[in-house]
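Engineer: turn this into a structure:
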Amino acid sequence: MSRDEARMPNTVLIGLRERAGLSQQDLADELTNLAATRYRNYPQITRKTIGRWERGEVVWPQPFYRRLLAQLFDCAADELGFRKPRPVQSEHEQTVPMAAPLTFATTPAATEPHVERDQDEWRQIRSALDRHRRDLAVLAESLYRDHRLPGLENTGVISSPGWLPAEPVPLDEITLTLDSATAEPAITGGEPESAPVRPLASIDTRYRCYHDAIRDHATPRLFENRLCFRLKPVP
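Structural biologist: As a prediction, the model looks like this:
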């Protein structure tokens, strides 16, 4: 890492502090108090410490400091704007990265209190949405009047006009063709914009995708690993 890269300001951390209405000294005091009251630990966190983090002089603070910041700002540690240094490898050590393996349901490990609170809030919100799903669907339908289906008004059913044939199509005339050359989806569900609907998985990170959170915290009664298809536009 070059000197210029190391000095890149941590604008994410600065934004978190400013939105919380804290000065650098205030943040140092809050972190010191949190460490003492929750962990009986007494680190030397000063305004100078915060300044070094924000100016990018320290790009990857110690895990304990990242944990304190995540708890104070109620976020994942990887949302604090710090950049984990990449290990330097020689040419013969470099290998082609392997695809991430499939993951299956496991029993979640013990979590931090603020992670548990975030997961509980996610479950409560999801439960509330489920209780009012029909009302919400009808409301959504009213916002997309051009996507309503004739005869199904006020039911919450909408569709893209391009998906509606001019007349009914017999099921035995429908065929599915596998397109092995299709591009990967542009949206995966793990984008930063989806962070508010993905609960914390640990002190360090949020769940990778919404369905991973469902797997661990809202498993349906019927939940199997099934082959899935991504439908492309109807020809």
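Engineer: pretty sure Arg47 sits against Gln24.
Structural biologist: Yes - using C-beta atoms under 8 Å, Arg47 is in contact with Gln24, at 4.5 Å. Heads up, the C-betas are built off the backbone N, CA and C, glycines and all.
Engineer: give me the more crowded residue out of these two.
Structural biologist: Taking neighbours as other C-beta atoms under 10 Å, Arg47 and Gln24 compare with Gln24 leading, 17 against 14.
Engineer: ok, the more buried one - contacts?
Structural biologist: Each residue near Gln24 by C-beta atoms under 8 Å, 6 or more residues apart in numbering is listed here: 17, 47, 50-51, 54.
Engineer: buried members of those residues into ChimeraX, please.
Structural biologist: ChimeraX command restricting the contacts of Gln24 to the buried ones, with burial defined by 16 or more other C-beta atoms under 10 Å:
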select :17,50,54
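Engineer: give me the nearest residue to the residue nearest the centre of the chain, chain neighbours excluded.
Structural biologist: Of all residues in the chain, the one closest to the mean position by C-alpha atoms, centre = their mean is Ala195, 3.5 Å from it. Computed as C-beta to C-beta, 6 or more residues apart in numbering, the closest residue to Ala195 that is not its neighbour in sequence is Arg206, at 5.9 Å.
Engineer: that neighbour and Pro192 touch, don't they?
Structural biologist: No - look at Arg206 against Pro192 with C-beta under 8 Å: they stay out of range, at 9.9 Å.
Engineer: scan the chain for its longest helix.
Structural biologist: helix 113-131 (DSSP state H).
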